[in-house]
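> Provide a 3D model corresponding to the input given below.
(chains A and B)
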Protein chains: 2
Amino acid sequence: MMRRFVIVGHKANTDGNFKLNDMAGGAGRLDVLLRCINSAFFLSHSIRRDVEVYLVLLGPSKPPVTIRLSGSEIRYLNPDERSTGSLIRNALLKAKDDKEVSSSPGIYVSRRGLEDVMKVLADTEIVYLHESGTGMENTEFGMETDLTFVLGDHMDLTEEEENIILKYNPIKVSLGPEILHADHCIVVSHNILDRKRKVKGK
Amino acid sequence: MMRRFVIVGHKANTDGNFKLNDMAGGAGRLDVLLRCINSAFFLSHSIRRDVEVYLVLLGPSKPPVTIRLSGSEIRYLNPDERSTGSLIRNALLKAKDDKEVSSSPGIYVSRRGLEDVMKVLADTEIVYLHESGTGMENTEFGMETDLTFVLGDHMDLTEEEENIILKYNPIKVSLGPEILHADHCIVVSHNILDRKRKVKGK
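This is a model prediction of the structure:
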């Protein structure tokens, strides 16, 4: 089973023209997305190979750009924000058109938006993390089904983005009584799925 | 109920003499501890005021140093690693002796080690996160009891450190089948407690 995370970066830089010292500012809260990458891939002593992350970046100056990170192929990934920021900047500098180009092992970049990404993932089970959803802990997932979680960065999805997602008939799930940062949502989702999988003996 | 997190930074810098561009390297994996701070305090639109973090730093050149961050008082805390690294460096530069000094609102520094910290927290329920523990999801906690979680950074606690903790008769709990980074452990612990509290109607 693959776990995919699609994260919309509403203000995040799309031309690579930012400083690694200013990723929370001038790069349009890229820091949030870097922490999402960390949360999606890292285990204590390894990388989750069954994970893929799609960052859909919508900030200046050339939106949209989608960066896809593939756990089965990725290399040179470290947990800290600065080194991951450097990989992402490098990817942005290589973006050409709507065809994916590889910028480093396991990292691909294209000028695709949310609608394009969702089309590619149409065959997976879409999970929309939302405070009004049912508790994920009590949600049944097919343990063989590929899951795709969609979430916003520091801002919720817009109505327009939500309408794109709703076309795919998502399961709406909530993670608990508190509203969490996107990267924390990914950590909790992984943990709930890890425990469910263990119970089912997979 | 207070939730406290004691994190031992085995190699983390104790004199403030490091560059904000090199926190994962020259500062002795300070990046791990900065992400722990983020995980402990941040909710989507607020800060968890009922949380306290103790970073016990044991790297060069003047170990030990303990930095205490108090959620009820803290200010100027942002989610990104770099800005929190700057607050921590500032605290290290103000460390004098075993008396706490405040370096900025809600941040206190002293030349205390793990043993000193545990003495202060002796009246709380100590939770030792360990893969061999019982599942936290199924552990009963007194919802009025102050909890103190103890965990290592990128390295497990040493035998000597573990012996200090064991004197306080900790509950040993595990978070799931996968072994997680310290900051991810904090996110998951919060989520499990949030959901337990909700069920109990607090």
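> got a pLDDT number for A:G142?
Per-residue confidence (pLDDT) for A:G142: 83.
> Run through the residues that contact it.
A:E125 (Cβ atoms under 8 Å, 6 or more residues apart in numbering or on different chains). Glycine gets a C-beta too; all of them are placed from N, C-alpha and C.
> Pull out the buried residues from the helix of greatest length in chain A.
When chain A is parsed with DSSP state H, its longest helix is helix A:182-199. For helix A:182-199, burial by neighbour count (16 or more other Cβ atoms under 10 Å in any protein chain shown) applies to A:182-197.
> next one: stretch A:8-24
A:8-16, A:18, A:20, A:23-24.
> what two of the residues you listed are the furthest from one another?
Using Cβ to Cβ, the buried residues of stretch A:8-24 reach their maximum pairwise distance at A:V8 and A:L20, which is 22.4 Å.
> returning to what we had before: just the buried residues of helix A:182-199 that are near chain B?
Contacts with chain B are made by A:H184, A:V187, A:V188, A:H190, A:N191, A:D194, A:R195, A:R197 out of those, judged by Cβ under 8 Å from any Cβ of the partner chain.
> if we can go back for a sec, pick out whichever of the buried residues of stretch A:8-24 sits closest to chain B.
Comparing the buried residues of stretch A:8-24 against chain B with Cβ to the nearest Cβ picks out A:A24 as the nearest, at 4.1 Å.
> ok, that closest one - contacts?
So A:A24 contacts A:L30, A:D31, B:N78, B:P79, B:D80, B:R82, B:S83 (Cβ under 8 Å, 6+ apart).
> for A:V8, same thing?
A:V8 touches A:V56, A:L58, A:L114, A:V150, A:L151, A:G152, A:D153, A:L157, A:E161, counting by Cβ under 8 Å, 6+ apart.
> Of those residues, which belong to helices?
A:L114, A:E161.
> Make JSON lines out of the contacts of A:V8 and add neighbour count and pLDDT.
Below are the contacts of A:V8 laid out as JSON lines (neighbours: other Cβ atoms under 10 Å in any protein chain shown; pLDDT from 0 to 100):
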{"residue": "A:V56", "neighbour count": "27", "pLDDT": "98"}
{"residue": "A:L58", "neighbour count": "20", "pLDDT": "98"}
{"residue": "A:L114", "neighbour count": "21", "pLDDT": "98"}
{"residue": "A:V150", "neighbour count": "27", "pLDDT": "97"}
{"residue": "A:L151", "neighbour count": "22", "pLDDT": "95"}
{"residue": "A:G152", "neighbour count": "19", "pLDDT": "94"}
{"residue": "A:D153", "neighbour count": "27", "pLDDT": "95"}
{"residue": "A:L157", "neighbour count": "20", "pLDDT": "96"}
{"residue": "A:E161", "neighbour count": "20", "pLDDT": "98"}
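> Strands of chain A, residue ranges please.
Assigned by DSSP state E, the strands in chain A fall at A:3-9, A:51-57, A:65-70, A:101-104, A:107-110, A:125-135, A:147-152, A:171-174.
> Present these as JSON lines; the columns should include distance to A:K119.
As requested, the strands of chain A are exported to JSON lines (distance: least, Cβ to Cβ, whole Å):
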{"stretch": "strand A:3-9", "distance to A:K119": "12"}
{"stretch": "strand A:51-57", "distance to A:K119": "12"}
{"stretch": "strand A:65-70", "distance to A:K119": "12"}
{"stretch": "strand A:101-104", "distance to A:K119": "19"}
{"stretch": "strand A:107-110", "distance to A:K119": "13"}
{"stretch": "strand A:125-135", "distance to A:K119": "12"}
{"stretch": "strand A:147-152", "distance to A:K119": "12"}
{"stretch": "strand A:171-174", "distance to A:K119": "19"}
